[in-house]
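Participant: can you look at this prediction? I've put the sequence above it.
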Amino acid sequence: MATDANTIYYTIDGSDPRLPGGAPNPDAVTASFDVSGPTPVSYISTGHTWKYLDDGSDQGTAWRSPNFDDSGWQSGPSELGYGSDGEGSGQIVGFGPDSTAKHPTTYFRTTVNIPDPSLFFNFQLRVKYDDGIAVYINGVDKLRQNLSTTATFSSYANGTVGDEADWKDFTLPRSELVPGLIAYWPFDSSSQIEGGTVVDLVAGIRGEVLGGTTATEGHLDGAVEFGAGNWISVAAEQKGGWLKPASDANAMTVSLWQKLNSRVSSSTFWFGAASANNGERNFQAHIPGGR
């Protein structure tokens, strides 16, 4: 049963819940609903910082990956564009030396942390473009307008938009997004600390170490990947070797490693790793908060 009304009247004996003339039947049962719906949450708004590359170069396909190094790219707040038709109210991007032969492609990248996409019905993607666009989420093509699937960096849009200053809204089902995580962590003797607990706080990513453990700064090296389950076993090489993933599916980025006490929430994943010295270590990996 579905309704957009605040209150409905119903009966369970088959009689009409309303009397002749429309008044409620005194024997009818009343059911009230909150039809206000969930409050929308904005994860990217105008003014959000983006990395961009506007030199007209061929970046192939590597730039779509979450792991791509865009440290050499420029950055600025949205909206990003050439400054005309309502574009570029934030960062003005370049189009090359010739205004009559602008670069066909400009690249944009950003990150967004949605701790648990399953809490939402769907996601709305709002964009302005002139005249074509391709959007990749976690390296996967999710939206394409006026652009062939075989397009390259030198391809132009195959159609036009007459309202390039207006926002276009697209709906993405929640299944299109997952908690995206990638863990880089060298497992070596310097990571072993008091009490036999090994904790790594990835440099540059904010996170709180729970359970009274002590953190030691790690390095962005050696990817650790988790499978679809909540538990895997990871073996460590002796004398400072990297953790070797037991599964190469579903890479995850974590802000910290924590000694395993219990499964705290749906944003917590478990793994066990053999110490680089001796013994077995159990840890929790938590989705980063506030990156």
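Facilitator: That came through fine. Residues are numbered from 1 along each chain as shown.
Participant: the stretch 1-150 of the chain: helices as residue ranges?
Facilitator: For the stretch 1-150 of the chain, no helices are identified by DSSP state H, counting those that start in this stretch.
Participant: which intervals of it have sub-threshold pLDDT?
Facilitator: For the stretch 1-150 of the chain, applying pLDDT under 70 flags the ranges 1-5, 33-38, 84-89, 115.
Participant: now do the strands in it.
Facilitator: 7-10, 29-32, 49-53, 74-77, 80-81, 91-92, 107-109, 122-127, 133-137, 140-145 (DSSP state E, counting those that start in this stretch).
Participant: okay if I get the ones you listed as TSV plus distance to Ser42 and mean neighbour count?
Facilitator: C-betas here are computed from N, CA, C, even on glycine. Formatted as TSV, the strands of the stretch 1-150 of the chain follow (distance: least, Cβ to Cβ, whole Å; neighbours: other Cβ atoms under 10 Å):
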stretch	distance to Ser42	mean neighbour count
strand 7-10	32	12
strand 29-32	30	11
strand 49-53	15	18
strand 74-77	15	14
strand 80-81	18	22
strand 91-92	19	18
strand 107-109	18	18
strand 122-127	10	13
strand 133-137	17	17
strand 140-145	18	14
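Participant: adding distance to Arg174, write those strands out as JSON lines.
Facilitator: Putting the strands of the stretch 1-150 of the chain into JSON lines (distance: least, Cβ to Cβ, whole Å) gives the following:
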{"stretch": "strand 7-10", "distance to Arg174": "29"}
{"stretch": "strand 29-32", "distance to Arg174": "28"}
{"stretch": "strand 49-53", "distance to Arg174": "23"}
{"stretch": "strand 74-77", "distance to Arg174": "27"}
{"stretch": "strand 80-81", "distance to Arg174": "27"}
{"stretch": "strand 91-92", "distance to Arg174": "30"}
{"stretch": "strand 107-109", "distance to Arg174": "22"}
{"stretch": "strand 122-127", "distance to Arg174": "6"}
{"stretch": "strand 133-137", "distance to Arg174": "12"}
{"stretch": "strand 140-145", "distance to Arg174": "13"}
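Participant: out of those strands, the one nearest Leu172 is which?
Facilitator: strand 122-127 (4.5 Å; Cβ to Cβ).
Participant: summarise which helices and strands the closest one is packed against.
Facilitator: strand 133-137, strand 168-173 (3 or more Cβ pairs under 8 Å, 6 or more residues apart in numbering; DSSP states H and E).
Participant: got the contact list for the nearest residue to Val93 once chain neighbours are set aside?
Facilitator: If the residues on either side of it in the chain are set aside, Val93 comes closest to Asp54, at 4.4 Å by Cβ to Cβ, 6 or more residues apart in numbering. Listed by Cβ atoms under 8 Å, 6 or more residues apart in numbering, the contact partners of Asp54 are 74, 93-95, 103, 106-107.
Participant: surely Gly47 touches Gly76?
Facilitator: No. With contact defined as Cβ atoms under 8 Å, Gly47 does not reach Gly76; the gap is 10.2 Å.
Participant: many thanks, have a good one.
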